[in-house]
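Colleague: When you get a sec, could you give me coordinates for this:
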Amino acid sequence: MVFFKKDEIQQREANEGKINAQEINLKGIEKKELNKKNLSIFETSTIGYVIDNFPEMSIEIQDGLSSITAILENTIDYIEDKSSEIIKKNRDFKLSKAYRDTSISIYEMVHNIDEYLKWMQREYEKNETIKASCSEKIKNGNEKLENVVLKGEEIEIYQDFSLKEPKGIKLDDNIIVVENWDDLIVKTAEILIKQYKNNKYSTNAVKEIKPVQKKSNQNSFRDTVIEMLTEYKINLDEFKVII
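Modeller: Okay, the predicted model is just below:
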């Protein structure tokens, strides 16, 4: 039989306690890291698939994210009120700064979600436009698009279209009449699907042309067209809108 001194026993128990504490701490860290990985819900490829195949659910996702941004905005207001209160009552500038830094971080979250929502809406509108074009206007694969002579100014699609309304579009030898911006997107989708579908798999380089940056309803439609042209690898200076 082996006997241990009291000091040795206490030391062993202390060491075992440290080991157990370390194991618990490591498990806690692993759990936190796992939870962080599981928190990422903004995988664009997954949400893009939902938009393509389950558009009605993508609308619900957008509504849910909008609700989250509203809650986050309210959180910012609440924290800002508390920050001001701390300054007035306790003159605790350090804690007040920590509160304000948190508000800034939350605002960045709101901004990121807003940008994500805009992307979801663009993808949804683009897919709905293409679906409508396919179901309503492309019933006969051999149907030819009607070309006409249109008088007006031809403007490259990357230009600013604020307060401008289209009469038609021109791409290569195709000149097509359009009624408005909605119709322009539908007609563009139609011609791309019918005549340029093989472009998507082309290895040809596309010119890097940056669109004019100006916020307007017309330029939002323009940007949707630019996304479609980019997908079909068509240079932006080759597509013109007749005004």
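
Colleague: burial of the nearest residue to Gln195 once chain neighbours are set aside, as a residue count?
Modeller: Of all residues not flanking Gln195 in the chain, Asn174 sits nearest, at 7.4 Å (Cβ to Cβ, 6 or more residues apart in numbering). Backbone N, C-alpha and C define where each C-beta goes, glycine included. Using other Cβ atoms under 10 Å, Asn174 is surrounded by 15 other residues.

Colleague: And for Asp223?
Modeller: Asp223 has 16 nearby residues by other Cβ under 10 Å.

Colleague: Next up, phi/psi of the closest residue to it other than its chain neighbours, please.
Modeller: Nearest-residue entry for Asp223: Pro211, 6.9 Å, with adjacent residues in sequence omitted and distances by Cβ to Cβ, 6+ apart. Main-chain torsions, Pro211, degrees, to the nearest 10: phi -70, psi 150.

Colleague: correct me, but the residue nearest to Gln195 touches Leu192?
Modeller: No: applying Cβ atoms under 8 Å, one finds Asn174 not in contact with Leu192, separated by 10.6 Å.

Colleague: In the protein, mark out all the strands, start to finish.
Modeller: 154-156, 168-171, 174-177, 239-242 (DSSP state E).

Colleague: Check the offset of the longest helix anywhere in the chain from the chain's centre.
Modeller: Taking DSSP state H as the criterion, the chain has its longest helix at helix 93-136. Relative to its parent chain, helix 93-136 has a centroid offset of 7 Å by Cα atoms, centre = their mean, to the nearest Å.

Colleague: pLDDT of that helix, averaged?
Modeller: Helix 93-136 shows a mean pLDDT of 82 in the predicted model.

Colleague: Against which helices or strands is that helix packed?
Modeller: If you count contacts as 3 or more Cβ pairs under 8 Å, 6 or more residues apart in numbering; DSSP states H and E, helix 93-136 packs onto helix 44-53, helix 55-90, helix 181-195, helix 217-231.

Colleague: buried residues in the last one?
Modeller: Read that as helix 217-231. By neighbour count on 16 or more other Cβ atoms under 10 Å, the buried set for helix 217-231 is 218-219, 221-226, 228-229.

Colleague: likewise stretch 152-161?
Modeller: Neighbour-count burial for stretch 152-161, with 16+ other Cβ under 10 Å as criterion, is recorded at 155, 157-159, 161.

Colleague: Can you tell me which of those residues is nearest Leu236?
Modeller: The nearest member of the buried residues of stretch 152-161 to Leu236, counting by Cβ to Cβ, is Tyr158 at 4.4 Å.

Colleague: Please report phi then psi for the closest one.
Modeller: phi -80, psi 0.
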